[in-house]
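Participant: all I have is the shape, not the residue letters:
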């Protein structure tokens, strides 16, 4: 039995997309962050960092979205090359997402979504500039007709897509100047499994 403790956020949807792409049956459990469900002793026992997502894979508990995606890819032999340079490319993009894409887009979104009187314009400018730089890196990676971030479709695409899609939906003008990245968002968004995963939890 697979249980996914998640919420309707980019980090949560990385894992539901992966589960849908793998065709696995799972039970999504909505951790209602605004109500503090992540702070309960029961949840903290699974993840001492008190963040979603958490995967309970038949008793094996894994937290951190990147670690969960690697666990699933290796267990089921899909979306991660087994060895060599192709595997290295996937891990490069996994770590790039964890270190740059998620943190910068997340902090930019937090500032923009605050009431106007509470916004820190200096921080907005800082994260806007860094997010634009990150988009430029992805645009370069996707140059020359590349359809995916690391060779074939992989967990590198799955881990990155929900954050770019969320930004595309909320602040399209930030993303649309990057033609390769915009095409990548549209390409991944057309995948039925991605569409299903992005709707979890309902």
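Facilitator: Now that the structure is in, tell me what you want to look at. From a predicted model like this one, the values you see are computed outputs, not experimental measurements. Residues are numbered from 1 along each chain as shown.

Participant: so how far is the lowest-mean-pLDDT helix or strand in the chain off the chain centroid?
Facilitator: Ranked by mean pLDDT, DSSP states H and E, the weakest helix or strand in the chain is helix 172-175, scoring a mean of 84. Remark: helix 172-175 is offset 18 Å from the chain centroid, using CA atoms, centre = their mean, to the nearest Å.

Participant: and that helix, what's buried?
Facilitator: For helix 172-175, the neighbour count (16 or more other CB atoms under 10 Å) marks 174-175 as buried. Where C-beta positions appear, they are placed from N, C-alpha and C, glycine not excepted.

Participant: what do you get for stretch 110-128?
Facilitator: Quick answer for stretch 110-128 (16+ other CB under 10 Å): 111, 124, 127-128.

Participant: so which of the residues you listed comes closest to residue 88?
Facilitator: residue 127 (28.8 Å; CB to CB).

Participant: host element of that closest one?
Facilitator: According to DSSP states H and E, residue 127 maps onto helix 121-141.

Participant: mind listing what's buried along the following helix or strand past that helix?
Facilitator: Downstream of helix 121-141, the next assigned helix or strand under DSSP H and E is helix 155-170. Within helix 155-170, the residues that count as buried by 16+ other CB under 10 Å are 155-168.

Participant: same check on stretch 137-147?
Facilitator: 138-139, 141-142.

Participant: can you give the distance of that stretch from its chain's centre?
Facilitator: 18 Å.

Participant: now do it, average pLDDT.
Facilitator: Averaging pLDDT along stretch 137-147 gives 97.

Participant: counting contacts, what elements does the least confident helix or strand of the chain pack onto?
Facilitator: helix 121-141, helix 155-170, helix 179-189 (3 or more CB pairs under 8 Å, 6 or more residues apart in numbering; DSSP states H and E).

Participant: again, only using 6 Å
Facilitator: helix 155-170 (3 or more CB pairs under 6 Å, 6 or more residues apart in numbering; DSSP states H and E).

Participant: residue farthest from the centroid of the chain?
Facilitator: Residue farthest from the centre of the chain, counting by CA atoms, centre = their mean, is residue 117 at 29.7 Å.

Participant: now residue 28, what's its secondary structure?
Facilitator: Three-state call for residue 28 (DSSP: H, G, I helix; E, B strand; the rest coil): strand.

Participant: got the contact list for it?
Facilitator: Contacts for residue 28 were tallied using CB atoms under 6 Å, 6 or more residues apart in numbering; they are 4, 6, 200-201.

Participant: now do residue 158 against residue 112, distance only.
Facilitator: 25 Å (CB to CB, to the nearest Å).

Participant: hang on, residue 61 in a strand?
Facilitator: Yes. Residue 61: assigned to a strand according to three-state DSSP.

Participant: in a helix, residue 52, correct?
Facilitator: No. Counting by three-state DSSP, residue 52 is not found in a helix; it is coil.

Participant: can you give me the end-to-end span of stretch 137-151?
Facilitator: With CA to CA, to the nearest Å as the measure, stretch 137-151 spans 16 Å from end to end.
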